[in-house]
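Engineer: pasting the sequence and the predicted coordinates here, then a few questions.
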Amino acid sequence: MAKALKRTNLHDWHIEHGGRMVPFAGWDMPVQYPTGPIEEHRATREAAGLFDIDHMGQMVVRGPDAEAFVNWLVTYDVRQMALFDAHYSLMCYPDGGIVDDVFVYKLPDSDGGEQPYFFIAINADNRKKDVIWAQAQAVGFDVTVADISDETYMLAFQGPKAPEILERLTQVNLRDVPRFTAVSDTIFDDVQVLFGRTGYTGEDGFELYFPAEHALKVWEGILAEGEADGVKAIGLAARDSLRFEPCMPLYGHEIAADISPIEARLSFAVGFGKKFIGRDALLKIKLERSSRVLVGFEMIDRGVPRHGYSIAQNGEEVGFVTTGMFAPTSKRYLGMAYLPRALAKIGTEIDIIVRDKVRKAVVVKRPFYIPAYRR
């Protein structure tokens, strides 16, 4: 018997507003709304989009050894973080393969302790695995690792107008909150929210964490406040195209247990100046140069590159597509793929095998869309 899909607290709202529901990572999630994913993509790039992403998970690490433990657990050096900083990082296996990519927040302990604690956002499909992995690595450290996903709700509000719209609902000046930091404040009078100036779209905006019982109140309140500004609810299809254009990785596609951060061009999130799980393996890959590397490509011939399609050159298979699609912003058919380093040079022509037919493509520069924080 198939396992029943989980539902977020906004499931009924999605149905009532025409959301087309699909299974995703064990959840019944809206892939799009009646206006369609292209319009949702455009609205996020030009105004702001609101995403129900409560399928994501969260865990917290507390205790006297919290900083030392998290520094061992993840690739980024969290000792560099100030309170309320947020940073992208990865958890790796000893061989350098990726357990998951995560966002780490360093926060003052609301329980009144003198030591800071760490709040870690984890991927939906990896939630159980990540928590078990972290708890298993905690042996010998004076810490507790707790999964708080069920009681925590997560929304993303992304787009150039998102900060100013949210600011109308809070007591703090959200537009002054630096990128990759967080602030805590109430919204709609009584809902305590952690606002992380982070995101997965390439746009400005925030990811919001708050008690799950307030999901509908916060969701409908933000949509109502932003209606005149062009705010829309956004489904999974547009979320994927939005993250794809700035070349942000998706677990199971660009990153996985058999792919290292070095191959995935994520060295910026790896602090080799400290010890962490997988450090020596990653240092070896870095020093000896990985045999393959993640690249971007553009289709020359007609065809849509899909995840898992083979890539060939001179009739021999040389790599595989991780993600490919029509990019709505630039109106091009683009993809990301793993290729031998010798074929990774921009301008190299490759063949994508699309439904047993050869379709020509060319390696191009990544990202396909410059994220707002890099402009």
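Structural biologist: That came through, no problem.
Engineer: state the mean pLDDT of the host helix or strand of Ala237.
Structural biologist: Here Ala237 is covered by helix 236-244, with elements defined by DSSP states H and E. Here helix 236-244 scores 98 as its mean pLDDT.
Engineer: tally of neighbours for Tyr76?
Structural biologist: Neighbour count of Tyr76, defined by other Cβ atoms under 10 Å: 21. (Glycine included, C-beta is placed from N, CA and C.)
Engineer: assign the residue nearest to it when sequence neighbours are not counted to one of the three secondary structure states.
Structural biologist: The shortest distance from Tyr76 to any residue that is not its chain neighbour, by Cβ to Cβ, 6 or more residues apart in numbering, is 3.8 Å, and that residue is Ser89. Secondary structure state of Ser89, per DSSP: H, G, I helix; E, B strand; the rest coil, is strand.
Engineer: do Asn71 as well
Structural biologist: Three-state secondary structure (criterion: three-state DSSP) places Asn71 in helix.
Engineer: what sits against it?
Structural biologist: Applying Cβ atoms under 8 Å, 6 or more residues apart in numbering, we find Asn71 in contact with Asp77, Val78, Arg79, Lys274, Phe276.
Engineer: give me the nearest residue to the residue nearest the centre of the chain, chain neighbours excluded.
Structural biologist: With distances taken as Cα atoms, centre = their mean, Tyr200 lies nearest the centre of the chain, 4.9 Å away. On the basis of Cβ to Cβ, 6+ apart, the spatially nearest residue to Tyr200 that is not a chain neighbour turns out to be Arg243, at 4.9 Å.
Engineer: go ahead and confirm the one you found touches Gly199.
Structural biologist: No - between Arg243 and Gly199 there is no contact, the gap being 9.1 Å when judged by Cβ atoms under 8 Å.
Engineer: which one's more surrounded, the two?
Structural biologist: Between Arg243 and Gly199, counting by other Cβ under 10 Å, Gly199 is the more crowded of the two (27 against 17).
Engineer: surely the more buried one forms part of a helix?
Structural biologist: No - the assignment for Gly199 is coil, going by three-state DSSP, so no helix is present there.
Engineer: hmm, it is touching Leu208, no?
Structural biologist: No - Gly199 sits out of contact with Leu208 when judged by Cβ under 8 Å, with a separation of 10.8 Å.
Engineer: shared neighbours, the two?
Structural biologist: By the contact definition Cβ under 8 Å, 6+ apart, Gly199 and Leu208 are jointly contacted by Ala156.
Engineer: now the strands for the stretch 251-375 of the chain?
Structural biologist: Assigned by DSSP state E, counting those that start in this stretch, the strands in the stretch 251-375 of the chain fall at 292-299, 310-313, 316-327, 332-340, 349-354, 357-364.
Engineer: what does the stretch 1-150 of the chain give?
Structural biologist: 20-24, 27-32, 49-52, 57-62, 86-92, 98-107, 117-122, 144-147.
Engineer: just send the ones you listed back as CSV, with mean neighbour count and mean pLDDT too.
Structural biologist: Shown next, in CSV, are the strands of the stretch 1-150 of the chain (neighbours: other Cβ atoms under 10 Å; pLDDT from 0 to 100):
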stretch, mean neighbour count, mean pLDDT
strand 20-24, 15, 97
strand 27-32, 22, 98
strand 49-52, 27, 98
strand 57-62, 22, 98
strand 86-92, 23, 98
strand 98-107, 23, 98
strand 117-122, 23, 98
strand 144-147, 18, 98
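Engineer: of the contacts of Asn71, closest to Lys161?
Structural biologist: Sorting these by distance to Lys161 puts Val78 at the head of the list, at 32.0 Å, by Cβ to Cβ.
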